[in-house]
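Trainee: Sharing a model that was predicted from the sequence below.
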Amino acid sequence: MSDTDTRQPLRAGRGIVTVLAVLPLVLAGFVVGYGVGGGGDRLGIAVDEAWQDGDGTFDHAPLAASFTATAVAGPAPQSPAVLPVGYSADLGIAVTHLQFAVDESTVRPDHTAELRLPVAVPPDSEGMTVEVASVHPVSCLCSLTAATAPPYGAVWDAVEIDAGATEVVLDVTGAINAPGRYGFAVTTPDRNSYLEFEGAEYGAGPNLRTISAVPPVNPVPPTAPVPLPDPTGSPSPTLSQDPTDAPASDAPSSTAPSSEAPASTGPTAPTSPQPTTGPTADPALPAAEPTSPQGPPLQPEAGQTEDQLATCRTGEKLIPTCGALVGVAPAAHTSLPKEQALLDFETTVERTQQVYHTYERADERLWPTPEQIALTEDPLKPRTLFVNWKPRMANWAEIAAGDPEVDAYLDQLAEHINANFDKPFFFTVHHEPENDVVQKEGSGMEAADYAAMYRYVVERLRGAGVDNLVTVMNYMGYLKWVEKPWHEDLYPGADVVDWIGLSGYGQSLHDDGRSDFGEIVDQTKGESAWPGFYHWVAREHPDKPMMLAEWGVFYEEQYPDHQKAVFQAARYQMAHYPRLKAIVYFDTPADHKSGRNSQVHQHEDTLEAFRELMQSPQLDVKLE
């Protein structure tokens, strides 16, 4: 949507969302199973759960609900009437930010969680993708701007909606793992789409619905028989009735759950007593306080998600908890010493490159080399390797079948790695295979042969004890390949691929506003069905982090501002791509095919734009 004729006014509200006063004390932890607290007597605090006797459903109103926009310099409004997502001419790129608090009185360890967002203004195009990612909850919306927004953590869900959408529901079950505050960012990778959700000013906007598995309150005694239904057809008390209205009895009603089965945890709205202002209260409105006979209600403390996302750092498989790693393939297509070129590049851009991308041939040497290892041992400049290995002794089918020469090399390589390098590092086999596919039976270079070869290499190295490989499937960015019927056959399998990588380069060599970062990450092709690589990863491999394994912008004298425009765009267009967890620049003075130069320092203003990109909060990650 390029205009704002149909947009509801984005106005500051009355501040009722920022700090809700319905949560007054401190929570110590969820019940056993959440890993909060210790000691054998810590079986959970005795509270009168808000959903006691119910089906476990509870709608949490947001503590804060606002948005950032790249064209708005000021902080996020306290309580806007609507929550925009996507691109518009007046807001730029808008991202909705939400914060919730959960405690053991509303959520049990065995639960599901949904982010429910009523739509105020639907998209004016079909098939808009909406994603939700965890972010560190900020202490005050006054600090939240597009420039200071917290980096994206894990992406939990993505849905596709159209112009008829009235509500968006996103699964965030995996995000809720302890009592505390939770931050979420709702965004879209669609660069030309826009929608608005209802704001929370009047309590009818977004909510976090949790559905917990509820044990029966009055379990059936092991020896007590379960009464049969009344043959006269007289209604029996049900769980939707207030227990105080039912006649006193030691025997359960015919509709009460047995001691062996929990009550229903379906997604329907609760029918039993809920912590609302009355039996007819709108479940989307802020809930009243749960009460406890032991004392006042409990307020969540800072939980695990705040701790985990306060500082972005790499975890298992080098996946950042939030943000994205940066790296470089230095002095590419030259004979210059690459390790020194890496150091020179870092000095030029004034930023340590956490990923050193190196290219190796199977018949030349063993890797990592001593020089490469040395670069990973500087405690002040943490780095890891991205080894791009291209076997040349046999074709793909021969390697997959166990070529003796390749096997001998792999065994020797495994012994070398095990003896000399124990840090996790990125690894790919024959990057950009599309260009080498010979889709002819018996060629040994069919797409399926590549997948089998990749799997064979990874499994042989792992089988020899090399457990520090972080594998990357590195696709080529040229869109002519994605329409080939064999494109899907290249994928080696989820069990041998840790990351999805893409090689992408700036295409629009002009300054009419189209020179941007998004077409590198998610380029489409005319009327083709190809959704773009980012959309494709989200759809086909949603559990895999995405990497720009190579990216670059070539300098052209005819368009001297092109590089600068892309680097500047990248800084704010990262807001579209929460799945993007590493960007590795391809720095070359002369591309081997076109002869074009991708170096970032040819003009001072271009270099400054790249330096500013390197300082983006989205790239503030500790490599551990």
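Mentor: Alright, I've got the coordinates.

Trainee: which SS class is R611?
Mentor: Following DSSP: H, G, I helix; E, B strand; the rest coil, R611 is assigned to helix.

Trainee: Let me see the confidence value for it.
Mentor: If you check R611, the pLDDT there is 98.

Trainee: gap between F567 and L613?
Mentor: 5 Å (CB to CB, to the nearest Å). In this view, the C-beta of every residue, glycine as well, is placed from N, C-alpha and C.

Trainee: Can you report how many residues lie near A332?
Mentor: 22 (other CB atoms under 10 Å).

Trainee: Find the nearest non-adjacent residue to it, please.
Mentor: Closest residue to A332 apart from its sequence neighbours, by CB to CB, 6 or more residues apart in numbering: T588 at 3.9 Å.

Trainee: what sits against the one you found?
Mentor: The contact partners of T588, by CB atoms under 8 Å, 6 or more residues apart in numbering, come to A329, A331, A332, H333, T334, G552, N597, S598, Q599.

Trainee: Got phi/psi on L490?
Mentor: The phi and psi torsions at L490 (degrees, to the nearest 10) take the values phi -70, psi -20.

Trainee: So it is in contact with A447, correct?
Mentor: Yes. Applying CB atoms under 8 Å as the test, L490 and A447 come out as touching, 4.8 Å apart.

Trainee: Overlap of the contact sets of the two?
Mentor: Joint contacts of L490 and A447 (CB under 8 Å, 6+ apart) are P433, V437.

Trainee: Now do the SS call for P382.
Mentor: P382 is classified as coil under three-state DSSP.

Trainee: Show the contacting residues for it.
Mentor: P382 makes contact with T352, Q354, T376, K622, L623, E624, according to CB under 8 Å, 6+ apart.

Trainee: Any idea how many residues pack against the nearest residue to D422 once chain neighbours are set aside?
Mentor: Spatial nearest neighbour of D422, excluding adjacent residues (CB to CB, 6+ apart): N468 at 6.1 Å. By other CB under 10 Å, 17 other residues sit near N468.

Trainee: what about the stretch 201-350 of the chain, any weak spots by pLDDT?
Mentor: In the predicted model of the stretch 201-350 of the chain, residues 203, 215-307 satisfy pLDDT under 70.

Trainee: what do you get for the stretch 1-150 of the chain?
Mentor: For the stretch 1-150 of the chain (pLDDT under 70), the answer is 1-54.

Trainee: The stretch 51-200 of the chain: helices as residue ranges?
Mentor: Taking DSSP state H, counting those that start in this stretch, the stretch 51-200 of the chain contains no helices at all.

Trainee: Next: the chain.
Mentor: 304-310, 338-349, 370-375, 396-400, 404-420, 447-463, 518-522, 533-540, 562-573, 604-614 (DSSP state H).

Trainee: The fourth one packs against which elements?
Mentor: Taking 3 or more CB pairs under 8 Å, 6 or more residues apart in numbering; DSSP states H and E as contact, the helices and strands that helix 396-400 lies on are helix 447-463.

Trainee: Not counting its own residues, what contacts the helix it packs on?
Mentor: With CB under 8 Å, 6+ apart, helix 447-463 has contacts from 389, 391, 395-397, 399-400, 402, 407, 410-411, 413-414, 417, 429-430, 433, 437, 439, 443, 469, 471, 473, 484, 486-487, 489-493, 496.

Trainee: Counting neighbours, which bits of that helix end up buried?
Mentor: Neighbour-count burial for helix 447-463 flags 447, 449-458, 460-461 (criterion: 16 or more other CB atoms under 10 Å).

Trainee: quick check: angle from that helix to helix 404-420?
Mentor: 40 degrees (axes from the mean of the first three to the mean of the last three CA atoms, to 10 degrees).

Trainee: measure the residue nearest to A332 to F345 for me?
Mentor: 11 Å.

Trainee: Please apply the same query to Q523.
Mentor: 26 Å.

Trainee: before we move on, back to that, quick check: neighbours shared by T588 and F345?
Mentor: In contact with both T588 and F345: A331, using CB under 8 Å, 6+ apart.

Trainee: correct me, but Q412 touches R365?
Mentor: No. If you go by CB under 8 Å, Q412 and R365 don't touch, sitting 10.9 Å apart.

Trainee: and E604, how many neighbours does it have?
Mentor: Neighbours around E604, by other CB under 10 Å: 8.

Trainee: The closest residue in space to S528 that isn't next to it in sequence: how many residues sit nearby?
Mentor: Once flanking residues are discounted, S528 sits nearest to E483: 6.3 Å by CB to CB, 6+ apart. Residues within reach of E483, counting by other CB under 10 Å, total 11.

Trainee: Please apply the same query to E441.
Mentor: Using other CB under 10 Å, E441 is surrounded by 6 other residues.

Trainee: Also A213?
Mentor: As a burial measure, A213 scores 15 neighbours (other CB under 10 Å).

Trainee: List phi and psi for it.
Mentor: The phi/psi pair for A213 (degrees, to the nearest 10) is phi -70, psi 120.

Trainee: again with T188
Mentor: Dihedral angles (degrees, to the nearest 10) for T188: phi -140, psi 140.

Trainee: Look up how far I417 lies from the spatially closest residue to it that is not a sequence neighbour.
Mentor: With CB to CB, 6+ apart as the criterion, T188 has its nearest non-adjacent residue at 4.9 Å, and that residue is G86. According to CB to CB, G86 and I417 sit 45 Å apart.

Trainee: same question, D124
Mentor: Taken as CB to CB, the span from D124 to I417 is 54 Å.

Trainee: Give me the more crowded residue out of those two.
Mentor: The neighbour comparison of D124 against I417 (other CB under 10 Å) goes to I417, with 23 against 15.

Trainee: residues in contact with the more buried one?
Mentor: Taking CB under 8 Å, 6+ apart, one finds P368, L461, V466, N468 in contact with I417.

Trainee: how far away is the second one from Q618?
Mentor: Which is L461. 32 Å.

Trainee: and what of the third one?
Mentor: Between V466 and Q618 the distance, using CB to CB, works out to 32 Å.
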